[in-house]
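**Q** Okay, structure incoming, though there's no sequence with it:
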C-alpha cells in the first residue's frame with residue numbers, strides 16, 4: 001500500500017513537471033529527462049541485496065558526484081549562455097510624435113510602458129508612456145528604456161544637466177554617457193544617443209544592476225550594432 005501511494009505521487013510529480021516544462025521555453029526538458037533516467041538507474045543499482053553500510057556509502061558518493069556535476073554544468077551554462085539563439089523581434093509602440101522601434105531580445109524578456117513624469121508636455125496633455133524592456137529574472141535591476149525624436153532630445157538634455165557636461169564615448173556609432181549610481185551599489189546608468197536622421201534621434205537609457213550587468217550587455221550589444229534597431233526613420 002505504501003509503495004502504491006509513493007508511485008502515485010511520483011507519477012503526479014512527473015506530469016506536473018512535464019506540463020511546466022512544456023509551458024516555459026526557458027526550461028530544458030532534456031535535463032529533466034536525464035535526471036529521471038539517472039534516478040531510475042541509480043534506484044535499480046541500489047535496490048538489490050546489499051549490505052546497508054555499503055549501500056549508504058555508495059549512495060553518498062553517488063549523490064556527491066551528481067551534485068558536483070550539476071553545479072559545474074549549471075555554472076558553465078550560465079557563463080556561456082548565448083542570448084542570440086533565443087532572440088526574437090519585439091516592436092515597441094512609441095507615444096504620439098515618436099517612432100515605433102523594433103529590436104531583438106531573448107524571448108523571455110518582457111515589454112512594458114512607463115509614464116515619463118519628468119518629460120515636459122503642453123498644459124492639459126498627459127505624460128507620454130515610454131516603452132522599456134527588461135529581464136524578469138533580474139528583479140528590476142536591469143532595463144532598457146527607449147526614447148525617440150522630441151522625447152529623446154528632452155531626456156538627453158535632462159541627463160546632461162543632471163550629470164554634468166562630460167564628453168561622450170563612441171560605441172558602435174552611438175554617443176555614450178556613463179553614470180555611477182551612488183545609492184545602489186554596483187549599479188550604473190548609461191545613455192546611448194544616436195541620430196538616424198535629422199528627424200529621428202534615438203536615446204536608449206540603460207540601468208545596469210550588479211546581478212545582471214553581463215547578461216544585459218549581451219542583449220544590448222547586438223542592438224547597438226548597425227541594423228540592430230529598426231523603425232520608420234525619416235531620410
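**A** Ah, there it is. Just so it is clear, the structure is predicted and the values come from calculations on it, not from any experiment. Numbering: from 1, shown residues only.

**Q** In the chain, where's the longest helix?
**A** Secondary structure of the chain per DSSP state H: the longest helix is helix 52-79.

**Q** Following the chain onward from it, which element is next?
**A** strand 87-92 (DSSP states H and E).

**Q** Other residues contacting the helix or strand that that following strand is followed by?
**A** For strand 87-92, the succeeding helix or strand toward the C-terminus, using DSSP H and E, is strand 101-106. Contact with strand 101-106 is made by 83, 86-92, 94, 131, 133, 135, 146, 148, 202, 219, 222-223, 228-231, as judged by Cβ atoms under 8 Å, 6 or more residues apart in numbering. Just so you know, the C-beta spots here come from the backbone N, C-alpha and C atoms, and that holds for glycine as well.

**Q** can you check stretch 170-190 too?
**A** Outside stretch 170-190, the residues that touch it by Cβ under 8 Å, 6+ apart are 141, 159-160, 163, 166, 168-169, 191-194, 204-210, 213, 224-226.

**Q** tally of neighbours for the closest residue to residue 149 other than its chain neighbours?
**A** Leaving out its chain neighbours, the residue that sits closest to residue 149 by Cβ to Cβ, 6 or more residues apart in numbering is residue 98, at 5.4 Å. Number of residues near residue 98 (other Cβ atoms under 10 Å) recorded here: 22.

**Q** count of neighbours near residue 36?
**A** Going by other Cβ under 10 Å, the residues that sit close to residue 36 add up to 13.

**Q** returning to what we had before: from the middle of its chain, how far away would the longest helix of the chain be?
**A** From the chain centre to the centre of helix 52-79 is a distance of 29 Å (Cα atoms, centre = their mean, to the nearest Å).
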